[in-house]
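[1] Here's my sequence, what's the structure:
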Amino acid sequence: MVGADHLLVDLEVEALLADKAYDADERVLDVLEACGAIAVIPPKRNRLVQRAYDKELYKARHLIENFS
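    Residues are numbered from 1 along each chain as shown. Here you go, the predicted model:
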């Protein structure tokens, strides 16, 4: 099984909207930063250092979740 870090490398996106489950520095956030993409992922509540994210852009996530 391939992890998110391997799948994200080939993405050509400006921003990635995801839920808290993807708040992982090495596996997701660092890879997105290296690709020049913006991570729109809220930090987990138990994160030692809370990071900022675009709350307004994150509100659009429901459009993707409910698309049919």
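[2] Least confident secondary structure element in the chain?
    helix 4-8 (a mean of 82; mean pLDDT, DSSP states H and E).
[3] From the chain's centroid, how far away is that helix?
    11 Å (CA atoms, centre = their mean, to the nearest Å).
[4] same check, this time on stretch 29-38
    Put simply, stretch 29-38 sits 9 Å off its chain's centre (CA atoms, centre = their mean).
[5] Show me what it is in contact with.
    Contacts to stretch 29-38, defined as CB atoms under 8 Å, 6 or more residues apart in numbering, come from residues 4-5, 8-9, 11, 13-16, 23, 39, 41, 51, 54. C-beta: built from backbone N, CA, C; applies to glycine.
[6] which among the residues you listed end up buried?
    By neighbour count, with 16 or more other CB atoms under 10 Å, the contacts of stretch 29-38 hold 4, 8, 16, 23, 39, 41 as buried.
[7] Settle this for me: the first one is touching residue 23, isn't it.
    When you say that, I think you mean residue 4. No. Assessed by CB atoms under 8 Å, residue 4 is found out of contact with residue 23, at 11.3 Å.
[8] hang on, the earlier thing: among the contacts of stretch 29-38, which are in helices?
    In helices, defined here by DSSP state H, the members of the contacts of stretch 29-38 are 4, 5, 8.
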